[in-house]
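[1] build the 3D model from these lines:
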Amino acid sequence: MALLGALIDVRTIASLAAEGTSSFAHGLPASPDFVIVQPSATRSSNVSAWNICNLFDATNVTIQNGGEGASPALRVTSIVAHSIIR
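    Just a heads-up that it's a prediction; the model follows:
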């Protein structure tokens, strides 16, 4: 289990404003194979639209909100999966 802790990074981002960006250093030993972004709330008809996308490399993960409204809190999970499979 200690090995999995070194290959998975989980962060919470409080919120992203419209057209906002948040970056953090993931601390993983390699570039993540994938990044999962989970919002803490769902959209409803009275909530402004938000559009989340992510970019990542060997050191950082960047989350962008390309929508017209602020996003809810986001849970970001970065995983180096190829090392687990080997």
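
[2] quick one: low-confidence parts of the protein?
    Counting by pLDDT under 70, the chain contains low-confidence ranges at 1-5, 42-48, 82-86.

[3] now the helices for it?
    Using DSSP state H, the helices assigned to the chain run over residues 2-7, 82-85.

[4] end-to-end on stretch 13-25?
    13 Å (Cα to Cα, to the nearest Å).

[5] what distance separates that stretch from the centre of its chain?
    9 Å (Cα atoms, centre = their mean, to the nearest Å).

[6] contacts for it, please.
    For stretch 13-25, the external contacting residues (Cβ atoms under 8 Å, 6 or more residues apart in numbering) are 11, 48, 50, 52, 59-74, 76. In this view, the C-beta of every residue, glycine as well, is placed from N, C-alpha and C.

[7] show me which of these are buried.
    Using 16 or more other Cβ atoms under 10 Å as the burial test, the contacts of stretch 13-25 include 50, 52, 61, 63-65, 67, 71-72, 74, 76 as buried.

[8] I'd like to know which of these are part of strands.
    The strands, defined by DSSP state E, take in 52, 61, 63-65, 74, 76 from these.

[9] closest to Leu28 among those?
    Proximity of those to Leu28 (Cβ to Cβ) peaks at Val61, which lies at 9.2 Å.

[10] quick check: the closest one touching Phe34?
    No: counting by Cβ atoms under 8 Å, Val61 stays clear of Phe34, with 10.9 Å between them.

[11] residues contacting the spatially most central residue of the chain?
    What sits nearest the mean C-alpha location of the chain, by Cα atoms, centre = their mean, is Val76, with 3.2 Å. Applying Cβ under 8 Å, 6+ apart to Val76 gives the contacts 10-13, 35-38, 54, 61, 63.

[12] Val80 now?
    With Cβ under 8 Å, 6+ apart, Val80 has these contacts: 7-8, 28-33.

[13] are any of these buried, and which?
    7-8, 28, 32-33.

[14] any chance of the residues you listed in TSV, plus distance to Val80?
    Formatted as TSV, the buried ones among the contacts of Val80 follow (distance: Cβ to Cβ, whole Å):
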residue	distance to Val80
Leu7	5
Ile8	8
Leu28	5
Pro32	6
Asp33	6
